[in-house]
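Enquirer: Quick one: sequence plus predicted model below, questions after.
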Amino acid sequence: MTYFYLSAIFTSILSFFLGAFSLYKSRKSIVNRIFFLLSFCVSIWTFGLSKMVSANEELSALFWVKYLHIGVFLIPSIFFHFICALLNIQDKQKYLIKVGYLLSFLFIILNLSSNLLIANVKPKFPFQYYASSGLLYPVFLIMFFVFAGYGIYLCYRSMKNLSDVKKNQVKYVFVASLVGFIGGVDTFLPMFNIPTIYFGISFEPIYILILAYAITRYRLMDIKVALTRTGIFIVIYTLILGLPFLLASNLAWRNKLVALFGSRWWTVPLGLMAVLATLGPFIYIYVNRKAEERLLREQKRYQDVLKQASLGMTRIRNLKKLLNLITHIVTKTVKISYVGIYLYNQETDEYVLQVSRDKGRMPIPKLTPDNPLISWIAFKREPLVYEEIKRQMQDFSDPIYKHLEENMRLLTASVLLPSFLEDRFIGFIVLGDKMTGQIYTPDDLEVFEILASQAALAIENAQFYDEAKEMQKQIAQAEKMATIGTMADGLSHQINNRFYALSLIAGDSIDTIKMTDTSQCSPEVKEMIQQINHALERVQANVMQGAEVVKGLLKYSRTGDENFEALSLDQVIDGTLEMVQYKVRLSEIDLVRDYPKDLPRIKGNLTQLQEAFFNFIDNAYDAIVERHTMLKEEGYRGRINISASPKNNMLEIIIEDNGMGIKDHDDKKVFTPFFTTKTSSRRGTGLGLYVIKKIITDAHKGKITFESGYKVGTRFILELPIAK
């Protein structure tokens, strides 16, 4: 009796607090709200049971019988409603739900106003008082088993069509319901004078615990593992607590202990309990580990493989090979239907699908950073599970969950794993369903998080390696250009000699033609001589023009005199235009000098400043061509505006164009070596603006800043010291 009383009072307290906890976890969830009502009814029932079996008077016992049956009559209808809400079939079963509640309240009214359900209370071994069935109590039992049995059947039937995670949750509810109602039957039997073992009440805490776990935890362990752990725990701690109790309660054993230890016989079972309680956790851990090794052998195997693979990924330098390896390992080892990897692309400011495994699917090719899914995982920094999002979408009215569910569905994602490198979100891995039909356990997600973390480091290394190779190519190209610049002096001399020779030959030939008497020649010969003369004049003109080009190239390539001098802005720009006109079609744009002629002179190196302005005009021209090509704006004409004005002891020079402009995410990299935004076939080396900054800030002790709007234009602001 004491055991029954303690079990009942413990179940009552546990039921109430677990129901309240589930309501606290999600007040808006209909499933959690109904579970709270169910738990509250179980609490009323079991508390009334404890008071009934401990009552010393018939009237008191009868009162508590009437009280506990308020909970009992409500349990089947609320349980059925709970199952329908869990399976999201409330609308289909709404009439049966209403019938259940109607019958429950009818039984409560009859119970409180008559003895048709509870006839009386009588002494029933081992209880001093226990309820006896009335005339209509079997009718209630029929209703009880119909609604409870149908609810359990709906759970069983639905498991065939549910997704893995939802199926696992329903399995918990199914098993818990069987445990709870089988245990509950034990408390009905004494009402019909049927002897029983009276241990059914012990199952009720297990029933409530499993249900609470199933609806408050998103990531449930496999039901086989959960039942195995629970069974091992019950068996081991039943032995730990039961053996000392059996030793103390058995009369024969107790007499032997009294004979051996006298009045201190009780120390033996107490000491045995202390020893077993100390050994209990170690025994449980050992047995549980062995059991899980057998149950989760396959899962442990692939988790170990993934851990080993994550450690070896950082040695792979080729990015494409690395990404293909990750998808291959995951799909083959874990047997996943689909794997995709998205990485952040700085140039397009998007998360782009790099590799995917399962050619039959058509996933989203790219996502922008302002996508709700990207914002969510970047903020949460933890795996996103599709079934969790679906449940949260049902429980909460926040539209964010709807957006998340929609995006994950389009990505065909069961799990989404973000990859971070410190605070930088570099991409994410999309995992489809397991082909075995198993769920993603918390242990799985923990291993995948390790994999994603190691993948982030490996991807960063591979990207850095690719960038380093590209940089080496650019450096080699820059060295070639520098070598050509170094050779320009000697080459220009040789080229000028050839031009001089060609000029002499052409001049002599023209003079010879002029001195030759052609009056006796036929018209055809005269026409041919005129054509030759014209061709030689064109050769001579082009030779002179080529000599000017060589002269400009030589002037541009030679290192400037270290001695700075006072220079006018016109002097710098005129020299720049002499050279840039052979690369840039100045006739296609408007180049405006918007400054007064009496500007103060600047202190600078003419060659270096002309090199800087050459790059400004060249870059502006490329940006104008890019805008004209990409946007195709009607009436658009490129414009480069150069303005200047004194500012303290500096001359502020503004070079502004109406070209394509610079994207926001590129503005911090403009002066970085080897970074270029040019998209044309004349793609640059990325050294121009880096060199300009060195010339302006280091060599001339000035300043350089810029402002830019994408598809609007760019403005560079220079400050150079005024000559004194």
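Expert: Alright, I've got the coordinates.
Enquirer: hang on, residue 244 packs against residue 270?
Expert: Yes - using CB atoms under 8 Å, residue 244 is in contact with residue 270, at 7.1 Å. Bear in mind the C-beta positions are built from the backbone N, C-alpha and C, glycine included.
Enquirer: okay, now the closest residue to residue 97 other than its chain neighbours: neighbour count?
Expert: Residue nearest to residue 97 in three dimensions, not counting chain neighbours: residue 81, with 5.1 Å by CB to CB, 6 or more residues apart in numbering. Residues near residue 81, counting by other CB atoms under 10 Å, number 24.
Enquirer: For residue 244 and residue 270, indicate the residue with more neighbours.
Expert: With neighbours defined as other CB under 10 Å, residue 244 and residue 270 compare such that residue 244 has more, 21 against 13.
Enquirer: What are the neighbouring residues in contact with the more buried one?
Expert: Going by CB atoms under 8 Å, 6 or more residues apart in numbering, residue 244 touches 269, 270, 272, 273, 276.
Enquirer: ok, now how distant is the residue nearest to residue 97 from residue 444?
Expert: According to CB to CB, to the nearest Å, residue 81 stands 33 Å off from residue 444.
Enquirer: Which helix or which strand is home to residue 540?
Expert: helix 523-557 (DSSP states H and E).
Enquirer: was I right about the residue nearest to residue 97 contacting residue 99?
Expert: No - the criterion here is CB under 8 Å, and residue 81 misses it with residue 99 at 11.2 Å.
Enquirer: hang on, the earlier thing: phi and psi next, for the residue nearest to residue 97.
Expert: Backbone torsions of residue 81, given as degrees, to the nearest 10, read phi -60, psi -40.
Enquirer: can you check residue 434 too?
Expert: Dihedral angles of residue 434 (phi, psi; degrees, to the nearest 10) stand at phi -70, psi 140.
Enquirer: ok, it - contacts?
Expert: Residue 434 makes contact with 164, 334, 335, 336, 337, 414, 440 under the criterion CB under 8 Å, 6+ apart.
Enquirer: same check, this time on residue 452
Expert: Shown in contact with residue 452 (CB under 8 Å, 6+ apart): 417, 418, 419, 428, 429.
Enquirer: just to revisit the earlier point, buried stuff in the next helix or strand after the helix holding residue 540?
Expert: Once the chain leaves helix 523-557, the next helix or strand it forms, by DSSP H and E, is strand 565-567. Buried residues in strand 565-567, counted by 16 or more other CB atoms under 10 Å: residue 567.
Enquirer: partners of strand 565-567 in the sheet?
Expert: Strand 565-567 pairs in its sheet with strand 602-604 (antiparallel), by DSSP bridges.
Enquirer: most distant residue from the middle of this structure?
Expert: Here the chain reaches farthest from its C-alpha mean at residue 520, the gap being 92.2 Å by CA atoms, centre = their mean.
Enquirer: quick check, it in a strand?
Expert: No - Residue 520 is assigned coil when assessed by DSSP: H, G, I helix; E, B strand; the rest coil, not a strand.
Enquirer: Now it. Its backbone dihedrals?
Expert: In terms of degrees, to the nearest 10, the main-chain angles of residue 520 are phi -90, psi 0.
Enquirer: could you measure it against residue 528, distance?
Expert: For residue 520, the distance to residue 528 equals 15 Å [CB to CB].
Enquirer: again, but for residue 244
Expert: Distance, residue 244 to residue 528, by CB to CB: 129 Å.
Enquirer: Also residue 450?
Expert: 86 Å.
Enquirer: Same question for residue 616.
Expert: Remark: distance between residue 616 and residue 528 (CB to CB) = 50 Å.
Enquirer: So for the two, which residue has more residues nearby?
Expert: When neighbours are counted by other CB under 10 Å, residue 616 and residue 528 differ, and residue 616 comes out ahead with 22 against 12.
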